[in-house]
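K.L.:
Below is the sequence, then the predicted model.
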Amino acid sequence: MAMADKTALVTGASSGFGLRISIALALRGYRVMAAMRDLGRGDELLREAERAGVASRLDPVRLDVTDAESIEAAMAHAARRYGRLDVLVNNAGFAVGGFAEEVPMDDWRAQMETNFFGVVAMSRAAIPLMRKQGGGTIIQLSSVSGRIAFPGYGAYAASKFAVEGFSESLRHELAPHGIRVVLVEPGAYRTAIWDKGFSDIRSRPDSPYRKMLEAVLEYSRRAAATSKDPREVAELVARLAECRAPRLRYAVGRGTKLTLFGKAALPWRWFEAIIQRTLSGKAGG
């Protein structure tokens, strides 16, 4: 099939990874349904697309991954206009920050509704079209937080751990139908998700976790300040979209692979001690 006939759908395309992934796929010749909750927030995407010369390949679509009707409408649009869907990139998500005792249950539910149930709903909606056409690729934007949980981000980690388990199972289920399922696990990158997480942190003024929370926030700010360009993740996703036999997991980002190796190779108490020293700022002297 000619690349010009291939279609991708990217959720959360108005900013961050989603914006850059949409551009990267369009540069490779895909027709990209750039999905977002509010089409009024798509100006930056369109500016970037025009700058890259790929605006004609973008199709902005209103889609809320927590709204079944908008998901159904987006998939109907893909079937009606393009007749197929070759790549689904489940990118939409946000981060809830705070210690478990202090994060309201409504926030826990909202975190799971978008980051996990949204991924499930989008995947389920895309499968029939991909199965009918004989193949496709579903790329889940997970996180290193789906493999390693840090204090203060329990809700976010829980949502990403859930995505990891779901995707591993889904990969087995869909392999006989020629549908590939891939997890991309970024570490810290320069996107707005953590800025929003920092500004909306859930904590009481008299919190018994205040000292540890401050340490977590300071570490997170340092990581964000030295993080890499998110285009690296976008380029990886674009390459995986064309890969015939991708692995299940792709960890990406400064120090991510080493950290995952440490968790797998070291006794838990050693790894736990390293995390505690890192958060306290004592690692490496």
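P.N.:
Ah, there it is.

K.L.:
Okay, domains of this protein per the record?
P.N.:
3-254, 255-285 (automatic domain parsing).

K.L.:
could these go into CSV alongside mean pLDDT?
P.N.:
What follows is the domains of the chain, written out as CSV (pLDDT from 0 to 100):
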stretch, mean pLDDT
domain 3-254, 91
domain 255-285, 80
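
K.L.:
quick one, which of these is packed in tightest?
P.N.:
Of these, the one with the most neighbours on average (mean count of other CB atoms under 10 Å) is domain 3-254, at a mean of 19. Where you see a C-beta, it was placed from the backbone N, CA and C, and this is true even at glycine.

K.L.:
Apart from its neighbours in sequence, what residue is nearest Thr66?
P.N.:
Glu113 (5.2 Å; CB to CB, 6 or more residues apart in numbering).

K.L.:
quick one: Gly16 and Pro230 touch, right?
P.N.:
Yes. Counting by CB atoms under 8 Å, Gly16 touches Pro230, with 6.6 Å between them.

K.L.:
in the stretch 101-250 of the chain, which spans are helices?
P.N.:
105-112, 118-133, 154-174, 193-199, 210-225, 231-241 (DSSP state H, counting those that start in this stretch).

K.L.:
helices or strands next to the fifth one in the packing?
P.N.:
Judged by 3 or more CB pairs under 8 Å, 6 or more residues apart in numbering; DSSP states H and E, the packing partners of helix 210-225 are helix 193-199, helix 268-279.

K.L.:
re earlier: the helices of the stretch 101-250 of the chain: which one's closest to Val87?
P.N.:
helix 231-241 (4.6 Å; CB to CB).

K.L.:
Would you mind pulling up the elements that the closest one packs against?
P.N.:
helix 16-27, strand 87-90, strand 136-141, strand 179-186, strand 249-252.
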